[in-house]
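Colleague: With the sequence up front, the predicted model follows.
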Amino acid sequence: MDLGIKGKRALVCASSKGLGRGCAEALAEAGVDLVLNARGAEALEETAQAIRETHGVEVTAVAADITTEEGRAQVLAASGEVDILVTNAGGPPPGLWSDWDREDFIKALDANMLTPIALMTALMPAMIEKGWGRVVNITSQSVKAPIPALGLSNAARTGLTGFVAGTARQVASKGVNINNLLPGSHATDRATALESAVSKAQGVSMDEAHSIRLQTIPSGRYGTIEEFGAMCAFLCSQHAGFIVGQNILLDGGQTNATI
Ligand code: NAP
């Protein structure tokens, strides 16, 4: 399927690895020029070069922490106007409800709610001006069903989801579509880090922690970054113009709900 976005320009945040990289690769395959971002310069440059070589698109790499004001300023200066924005950042640490103080919440809100909002606020006016834009926020299945050990994530991402629900309906008539993509369990470094936390907390091996989690996924496996990226690219495509303010779950059936 031709996604109809060849020659568009996208900012994909937190994209040297994992789900962000999956989105960047799929957009590049559709002919989209990219601005990529991550904190670690080395992995970021390797990813940027691999995408240039494979897909022949223009790739600008900006090593910066997207959750800080300075980092965002650097990324936005290098991006200029973009047609597509994919927001993403690392997820908050796991723990117990009684572990967290105000500072922990502020950090999580900054990373997983206020950063995507700041990026949308900065980049959507130009999309509205042009009459076309796509925003995909990478959130989590925790928005549909809470993950008890990820209270910081549950809180921050639900806040972002509320903001998107209202805002998506305000900008839809301008040709700008905002949607959220909700990963379940995907085979990335983040999944390994969470398994490591389970392994320590429950006194089980990493293999056992992995198989405990697999048993909760009807598909019987983890998702891939390629599957995730393909859905992101579709949401950024010309075909997705009637999809507004949706929360699309990619979780192999793990969230046990009728709707
Ligand atoms: P990952 O494999 O650990 O990759 C994270 C990517 O983001 C890396 O490129 C990392 O590079 C970059 N990054 C992290 N913090 C950043 C920051 N502050 N500024 C700029 N770049 C940053 O993680 P992932 O699995 O792709 O997860 C992506 C998001 O989805 C996270 O918020 C995660 O909580 C959420 N999620 C993931 C899953 C899953 O199963 N994988 C499930 C639900 C939700 P640097 O470290 O070099 O910055």
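Modeller: On my side now, so go ahead.
Colleague: Contact distance from the ligand - what residues of the stretch 1-150 of the chain qualify?
Modeller: For the stretch 1-150 of the chain, the residues in contact with the ligand (C-beta under 6 Å from any ligand atom) are 14-20, 37-40, 43, 65-67, 88-91, 138, 140. Glycine gets a C-beta too; all of them are placed from N, C-alpha and C.
Colleague: Kindly write the PyMOL command that selects the buried subset of those.
Modeller: For the buried members of those, the matching PyMOL selection, counting by 16 or more other C-beta atoms under 10 Å, is:
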select buried, resi 14+15+16+17+18+19+20+37+38+39+65+66+67+88+89+90+91+138+140
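Colleague: Quick one: mark the members of the residues of the stretch 1-150 of the chain next to the ligand that sit in strands.
Modeller: The members of those that map onto strands under DSSP state E are 37-38, 138.
Colleague: returning to what we had before: in helices, which of the residues of the stretch 1-150 of the chain next to the ligand fall?
Modeller: Among these, the residues falling in helices (DSSP state H) are 18-20, 43.
Colleague: Pick the one among these closest to the ligand.
Modeller: The nearest member of these to the ligand, counting by C-beta to the nearest ligand atom, is Gly18 at 2.2 Å.
Colleague: Quick one, grab the pLDDT at that closest one.
Modeller: Model confidence at Gly18, given as pLDDT, is 97.
Colleague: roughly how far apart are the nearest residue to it once chain neighbours are set aside and Gly133?
Modeller: Distance criterion C-beta to C-beta, 6 or more residues apart in numbering; nearest residue to Gly18, sequence neighbours excluded, is Thr188 at 3.7 Å. From Thr188 across to Gly133, the span is 27 Å (C-beta to C-beta, to the nearest Å).
Colleague: which one of those two has more residues nearby?
Modeller: More crowded of Thr188 and Gly133, by other C-beta atoms under 10 Å: Gly133, with 26 against 21.
Colleague: Excluding covalently adjacent residues, which one is nearest to that one?
Modeller: Met127 (2.5 Å).
Colleague: same question, Gly241
Modeller: Nearest non-adjacent residue to Gly241 (C-beta to C-beta, 6+ apart): Asn177, at 6.4 Å.
Colleague: Tell me how many other residues crowd Gln254.
Modeller: 18.
Colleague: I'd say it and Gln215 touch.
Modeller: No. Using C-beta atoms under 8 Å, Gln254 is not in contact with Gln215, being 10.4 Å away.
Colleague: What distance do you get for the spatially closest residue to Ser219 that is not a sequence neighbour to Gly71?
Modeller: Closest residue to Ser219 apart from its sequence neighbours, by C-beta to C-beta, 6+ apart: Gly252 at 3.2 Å. Distance of Gly252 to Gly71, computed by C-beta to C-beta: 33 Å.
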